Every structure is written in structure tokens, then in C-alpha cells.
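Undergrad: Predicted model and sequence below, questions to follow.
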Amino acid sequence: MKKFRFLFYGVFLSVVFVFLAKVNFYLLFAAIFLLFILFYNRIVQVLEGKWKKVIFYAGILIITVFFLAGFLNSVYASQIKIGTVQRLSTPFGLRILSFSGIFVLLFIAWLFSVDRKAINWRPVIWGVVLQVLLGLVVLSETLGSFFFFFVDNLVKILLSFSEEGAAFVFGKLAYGAGDPRGLGQGTFFFFSVLPTIVFFSSLMTVLYHLGVMQFVINIIAKIMIKTMKTSGAETLSAAANIFVGQTEAPLVVKPFVKNMTTSELHAVMTGGFATVAGGVMAAYVMFLKNYIPNIAGHLVVASIMSAPAALAVSKLMFPEKEHSQTAGDTKIVVEKPDSNVVEAAARGASEGMTLLLNVAAMLIAFVGLVAMVNWGLEKGSVGLSKIFGKNPYKIFITSTERIQQGDVIVVNGENKNFNFTVKKVLKNCLIVKEMIKKDFKDAEYSLKREGNVIFSSKGATGRKPLIFLNLSIIFGIIFAPISWFMGVPWKEAAIVGRLLGEKLVLTEFIAYMNLADILKNGYELASGVVVHLSQRSAVIASYALCGFANFASIGIQIGGIGGLAPNKRSTLAKIGLRAMFAGAIAACMTGTIAGIIL
């Protein structure tokens, strides 16, 4: 009878879930997570009991079914356009794909856990539940519309104040393209975008001095402590990371850092890697405000949702096995080094200026290093191709008599025309400056000299490299599956995957800049086809990129947190890389939640 009762419950719940999915997708997920909350203790018992292997393999089977459904929908789904908050026209399979992505990311974290037997599932399950509930509430049509309207307008007003300050110092250089107050020559990055970091850094310091941020952080931390049962210190740090940077947040729990357990330190670092500071968030808004509606609201939501996700993933990858001195609740004790608001504003501006110069130096160094690596990969591709008789800089044509050095050969392609500048003229071929990225044979072409067409003919033949690689292609190949599991259609997965790789290796600042460029100009494939990201994929990418998880930040955190507790510096160095990947996984989980709801 017991087996039949479970069978009846299973069939009944399946029918209810299908009905809810047809009526309203959000009701379905609300019902699922309500069951999680009501039967939490029983679920944990099952996971830890004799049925855990059965549950594990059943989960793998369910996820496989989700993959098939998601794959069919993602391959055949047309471009998806969404508005400010959500649209229910998103294919059901893409939502299921995003939902299964939660389990895939948790499974990856579980695989890299230092001790799977010691995992306490309560913070993991409640971390995901809080993340989903926050998404359902903030991204709902009712409250979400008000939230996005309020946050977006507030950020726009604050950015206008920052613009006034920048214009006072830099004049017309502070205004971007299309603004009649500027020079009309495009946005001057250093003078218009980076000054927002100084203004918002000063503003956040003032709010901390007045105690406003402590009040908000305390509310968020108490919710996570009561539900997830994580220690007070690590939870307060995770909550503080929503608003401040990866080295400023640990200051909230400065007296406790020296006595933290290794698991707590891992959680503190993961929280820093999974979120971004308010100052740089304003710069990301500047990048994307013309391409993603209400991007300010989306980035704020992403940072809030990533806080419980960071604790969940951290406790999965580095479970707590020691006794924490701050188990339970912990009061916020924040030192006030400033005597008044004016001094706080001045100190915040100075710290913001330091951050601005660091960002500018980082961009100069990393963009230059990327160019160097891509140059090396390109030369390697060309050398390998020449060995096999495929020179991607050589165009064969029937006659070269009328062609001179500096002329432009325009080859007609299927999707676009390709321009090649003549570098050297040989007997039956031309050496050009631009690499051939698509094969063509006996193609039509025209010769241009000083902008004028000299003649047109047919018979141009060129070969692309045997293999062509650059960092964008490599990142796209490696991280495309992750972006697909977040709910991005497969034809766009490599583009978002490239951005995830750039975030991890080059910093999220560069990734957001490239996302803005892709949204503006599209992503051109070697065939000449320009792929445009759907609005939904762009929003998912903006959520997943919203975190400091990159290799450079490991050193920043070791230096910052290690300065508060020199006795923990060696421990921080050992767990830094693992915490960085945990932060990246947490940010991607936030992207999957956005994919479910949008």
C-alpha cells in the first residue's frame, strides 16, 4: 500500500505541476519551492539516508530529460525579445534548460568539494531557495515593475550628478556621442565613464558613515542566518558584498577575521568574487544603458541574488568541519574613521580615485596583453597553414598587371563583401595585409584605388587558415556549454561563453565593455554572418558577469583580507583559486534564475 501511495502522490504532483506550467510558469516554481520549504527536513533525511544514490541517479535522469527538452527549444527558438521585466513568450524548453542549469552548476561544485561526506545540505538548499524567491519577488510583474522603475530612475539621477562633477573638471570631454554639450566625437572613456567610480565610492562611504548601509545589511544578513544557519561573520560579509567591494566587505567583520575557520574564510572570499561594488556597477550601467532596458535594476538584483548563492556554493565546495566562534547572530561593528560627513566624502573620493587609476591601468595592461596573445595565436595559425600549403594572406587571380601596392581588392561573399589591402604584387597572386577568414574560389571581385572602382572581374581564389584561434574563440568553445545551461540558445551560447571566459581571465570590466560592443554592432563570424544577441541572452549574460571572479582578484583579496589577519594569509592563498571558481559558479546560478523567470 505504501508503494501505491507514493505512486499516487507522484502522479498527482506531476499533473498539478503540468497544469501550473500551462497556467503560469511562475506558479509552477513557486509550488516547487514551497514544497522544498514545507518538507525540508524530510528532503534532507532522504538525501542523507540509504536512498541517496537512487535520488542521485534519478536526478541525473531528470536533468537529462530537461537537457533534451531545452536543446530542442533552444535550437529551433527564434530571437527572443523581452521588455523591462519579463515576458511569458519565452519557449518553455528554455526555461526548463535554465532550471536544469541550477542542478548542473551545483553538481560541478559538488564534484570539486573538498569533503563531500561533510556537506551540510541546509545552507545549500536554503541558499538556492532564497535566490529563487528573491528572483520571483523582484522580477515579478507587480513589485518588479515598481522596483525597476525606482532603481533605474534613481541610478540615472545619481549618474547625472556624477556627470556634473566630471564636466566641471574635464569640460566637454565628459559628454558622450550625440550629446550637444560634448565635442560630438564619441565617448571619452576616461573622462566620462571612469569618474562615476569616484562619485559612487564617495557616496557609499557617506552612507556607511551615516549607518544607512549597516541597517540594510543587517536585515539581509538576519534573513540568511535564520534560514541557512551559516555563521554570523561569514553571512554579514556576504550581505555587505552586495553594496561594497571584495576588500571593503570583510571590514564589517574585522574583529572576527583572525579567528575564522577555513570554511568561513572560503565563504568570505566567495562572496567577494560573486558580487561587485556599487562604484564599478555604475560604470557597467554606463556601458549598457542604451542596449538593455533598466540595466541598473538588473545589476542590483544580480548582486542581491548572488549573496545567498555565494554561501550555498561555498558550503558545497568547502563544508564547515570546525566550530565557528560566530555561530548564530553577530552584531555589526563598523569602525568610523571619519569625524563627519565631509571627511567621509573626501576619503571616499580619494579611495575612488585610487580605484579609478587601478581600473585604467588594468585595462591598458590586459587589453594590450590580449592583443599580444591574439597576435601570437594568429602567427601560429598562419605558420601552421603555410606548412600545409594554405597561406591565408595570398589571393590567386588570373592577371595582376593593373594592380598596384595599396589597392583594395573587394571580394564578393555570400553574406558580405571582404576588403583586402594589397601589400605585394606577384606574378599570379597578391599578398594582402588582412587575413582571409573564409574560403572563396573563382569569386567575383573589384579593384578600388583611392575609393574609385578601377575594374571588376571574376576568378579570385583564397584559403582561410588550416586552423584559426584567438582568445575569443577559445573562450567561446570552453564556456559555451555553461552559457547554454543558463538558458542561452545554442546559436548564441559561444558568444556568451566568450564573455564568461573574458570575465574569468581578463576581468568583468572588459567583458561588460565587449558585451556592449556586441549589442551595438553584433558578433561577426568568420563566414561574414553577423549574430545579434537576443535581449534575453543579453540580460542573462549581464547577471552572470556581475561578479569579481577573475584571477587578478585573487591577489587583491589575499592582500586585502590578509592585511586584516596576517595569520590567515597562507590559508587565503591556498583556498583563493577554489573560492574564485565558487564565486563564478554562484554568479552563473544567478544567470540561470534570470533565465527561468525572464
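TA: Nice, I can see it.

Undergrad: Tell me where the protein is predicted with low confidence.
TA: Along the chain, segments meeting pLDDT under 70 span 1-89, 140-146, 172-190, 192-193, 279, 327-336, 414-415, 526-528.

Undergrad: Just the buried positions in stretch 291-306, please.
TA: 291-306 (16 or more other Cβ atoms under 10 Å). Every C-beta, even on glycine, is put in place using the N, C-alpha and C of the backbone.

Undergrad: Break down the protein into its strands, ranges please.
TA: Secondary structure of the chain by DSSP state E: the strands cover 394-396, 408-412, 417-425, 429-432, 440-449, 452-462, 523-524, 530-531.

Undergrad: wait, Asn550 sits on Leu506?
TA: Yes: because the distance of 7.0 Å satisfies Cβ atoms under 8 Å, Asn550 is recorded as touching Leu506.

Undergrad: quick one: which of the strands of the chain is nearest Ala238?
TA: Between Ala238 and those, the tightest spacing by Cβ to Cβ is seen for strand 523-524, at 34.6 Å.

Undergrad: Next, the residues that contact that closest one from outside, please.
TA: The contact list for strand 523-524 (Cβ atoms under 8 Å, 6 or more residues apart in numbering) reads Ile495, Val530, Val531, His532, Leu533.

Undergrad: Each with direction, which strands does it pair with?
TA: Applying DSSP bridges to the sheet, strand 523-524 is found paired with strand 530-531 (antiparallel).

Undergrad: measure Cys546 to Val301 for me?
TA: The gap separating Cys546 from Val301 is 9 Å, by Cβ to Cβ, to the nearest Å.

Undergrad: got the contacts of strand 523-524 as a markdown table, with neighbour count columns?
TA: A markdown table is the format used below for these (neighbours: other Cβ atoms under 10 Å):
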| residue | neighbour count |
| --- | --- |
| Ile495 | 25 |
| Val530 | 12 |
| Val531 | 14 |
| His532 | 16 |
| Leu533 | 24 |
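
Undergrad: Looking at those residues, spot the one nearest Arg116.
TA: In terms of Cβ to Cβ, no member of the contacts of strand 523-524 lies closer to Arg116 than Ile495, at 34.4 Å.

Undergrad: what number of residues lie near the residue nearest to Glu444 when sequence neighbours are not counted?
TA: Nearest non-adjacent residue to Glu444, counting by Cβ to Cβ, 6 or more residues apart in numbering: Asn412, 4.5 Å away. A count of neighbours around Asn412, defined by other Cβ atoms under 10 Å, yields 15.

Undergrad: Any idea what Asn412 is bridged to?
TA: Asn417.

Undergrad: ok, it touching Asp442?
TA: No: Asn412 lies out of contact with Asp442 (Cβ under 8 Å); the separation is 11.2 Å.

Undergrad: With distance to Val198 added, can I get the strands of the chain in TSV?
TA: TSV is the format used below for the strands of the chain (distance: least, Cβ to Cβ, whole Å):
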stretch	distance to Val198
strand 394-396	51
strand 408-412	45
strand 417-425	42
strand 429-432	46
strand 440-449	47
strand 452-462	50
strand 523-524	33
strand 530-531	36
